[in-house]
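test case, fold it:
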Amino acid sequence: MITRRTVLTGAGAVGVLAAAGGYARTKLGTGQQPVVPDAPVGDERVEQRQSSARGRTVDFYTAVPDGHGDGRGLPVCLVLHGASKTAADCPALGLGKFLTDSVRRGNPPFVLAGATGDRLAWRPGGSDDPQRMVHEEIPQWCAERGFTTKKFAAWGWSMGGYGSLLLAETFPGFVSAVAAFSPAVTPSDDVFAQTAQLDKVPVGLWCGTDDGLLGNVRKLDAKLPATTGVYSEGRHNFAYWSTCIPAAFDLVARSL
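Next up is the predicted model:
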């Protein structure tokens with residue numbers, strides 16, 4: 001259950017991921033390539049939007065599961081990318097295939113939406129404010145596409161995992177759940193300082209046991225009462241994170 005603490009290691013984590021869709025391997029995330037499901041891509045786009053919050057034109061990524069047209073009426077999971085990726089990289093990561101696979105495994109459909117935040121850790125940097133873009137502008141762009149904007153979930157990896165957690169803390173009630181892969185957190189940062197804001201938000205944390213951030217992620221896990229923490233063999237890369245996406249999309253689908 002996502003409302004109780006579950007800390008899993010080794011074989012336990014493999015079992016959870018296998019139940020989420022059969023993506024678990026004996027040594028999760030130790031290969032060089034992501035594990036992507038064999039599923040069709042639905043309506044997946046990278047468009048350009050003018051962001052006043054960032055003071056520039058940004059790439060705006062959206063994906064709809066196959067069989068659900070242009071996604072009108074579907075809820076939204078916000079995607080916050082890591083420092084080495086941008087919104088334009090999302091199609092190549094196979095996110096559209098993971099989304100269709102989630103529905104084929106029985107989850108209610110939802111769409112993915114995210115925009116390029118560059119390397120500002122999804123927080124204000126002078127006049128450039130990617131966090132405000134996510135909170136104010138992406139919902140507007142989603143509404144223009146006909147997506148439901150009454151409730152959001154947030155998912156991110158590395159820097160984006162940090163940004164997803166900080167977003168939920170900064171705007172209580174804005175997201176219904178957070179899925180964070182290897183979030184780039186430290187005990188002295190704002191995410192740790194504001195964990196009380198996440199008391200009623202289901203949070204999923206995933207981190208590889210060969211990831212340098214593991215210790216900090218475990219410390220954060222210990223402070224969050226509504227957390228599911230999954231720790232299995234893997235590194236700080238998409239080869240590992242791809243094995244975690246099915247379980248993360250399970251959490252997102254339930255929350256939406």
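
Glu137 falls within a helix, correct?
Yes. Membership of Glu137 in a helix is supported by DSSP: H, G, I helix; E, B strand; the rest coil.

and it, what does it touch?
Contacts of Glu137 were listed using CB atoms under 8 Å, 6 or more residues apart in numbering, and they are Arg49, Ser51, Ser52, Ala53, Ala115. All C-beta atoms are positioned from the backbone trio N, CA, C, and that covers glycine.

same thing but 6 Å
Residues counted as contacts of Glu137 (CB atoms under 6 Å, 6 or more residues apart in numbering) are Ser51, Ala53.

same question, Ala184
For Ala184, the residues meeting the contact criterion (CB under 6 Å, 6+ apart) are Ser158, Met159, Tyr162.

spatially nearest residue to the first one, not counting backbone neighbours?
Excluding its sequence neighbours, the residue lying closest to Ser158 (CB to CB, 6 or more residues apart in numbering) is Gly82, at 3.5 Å.

quick check: the gap between that neighbour and Asp66.
Distance of Gly82 to Asp66, computed by CB to CB, to the nearest Å: 26 Å.

all strands in the stretch 101-250 of the chain, in order from the N-terminus.
Assigned by DSSP state E, counting those that start in this stretch, the strands in the stretch 101-250 of the chain fall at 111-115, 152-157, 175-181, 203-208, 227-232.

for the fourth one, name the packing helices and strands.
It refers to strand 203-208. In this structure, strand 203-208 packs against strand 175-181, helix 214-223, strand 227-232, helix 238-255, with contacts taken as 3 or more CB pairs under 6 Å, 6 or more residues apart in numbering; DSSP states H and E.

avg pLDDT for the second one?
Translated: helix 214-223. Mean pLDDT, computed over helix 214-223, is 97.

what does that helix contact?
In contact with helix 214-223 (CB under 6 Å, 6+ apart) are residues Val185, Thr186, Pro187, Thr195, Leu205, Cys207, Thr227, Gly229.

try 7 Å this time
By CB atoms under 7 Å, 6 or more residues apart in numbering, the list of residues contacting helix 214-223 from outside reads 7, 182-183, 185-187, 191-192, 195, 205, 207, 227, 229, 231.

mind listing what's buried in it?
Using 16 or more other CB atoms under 10 Å as the burial criterion, the residues of helix 214-223 that qualify are Leu214, Asn216, Val217, Leu220, Asp221.

show me the shaky parts of the stretch 1-150 of the chain.
When the per-residue scores of the stretch 1-150 of the chain are filtered using pLDDT under 70, the ranges that remain are 1-31.

how about a cut-off of 50?
The stretch 1-150 of the chain contains residues with pLDDT under 50 at 1-30.

what ranges do the helices span in the stretch 1-150 of the chain?
Assigned by DSSP state H, counting those that start in this stretch, the stretch 1-150 of the chain shows helices spanning 11-19, 95-104, 130-132, 138-144.

what does the third one contact?
Applying CB under 7 Å, 6+ apart, the external contacts of helix 130-132 come out as Ala53, Arg54, Gly117, Asp118, Leu120, Trp122, Arg123, Pro124, Leu167, Thr170.

picking that back up, let me have the contacts of helix 214-223 in CSV, extended by distance to Cys77 and neighbour count.
Supplementary listing: these in CSV, determined by distance: CB to CB, whole Å; neighbours: other CB atoms under 10 Å:
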residue, distance to Cys77, neighbour count
Val7, 24, 15
Ser182, 18, 30
Pro183, 16, 27
Val185, 20, 21
Thr186, 26, 14
Pro187, 28, 12
Val191, 19, 28
Phe192, 24, 16
Thr195, 22, 18
Leu205, 16, 26
Cys207, 20, 29
Thr227, 18, 24
Gly229, 20, 21
Tyr231, 23, 21
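
report the two of those residues separated the most.
Set against one another by CB to CB, these have their most distant pair in Val7 and Thr186, with a gap of 20.1 Å.

wait, isn't Cys244 in contact with Ala179?
No. Cys244 is not in contact with Ala179 according to CB atoms under 7 Å; the separation is 8.4 Å.
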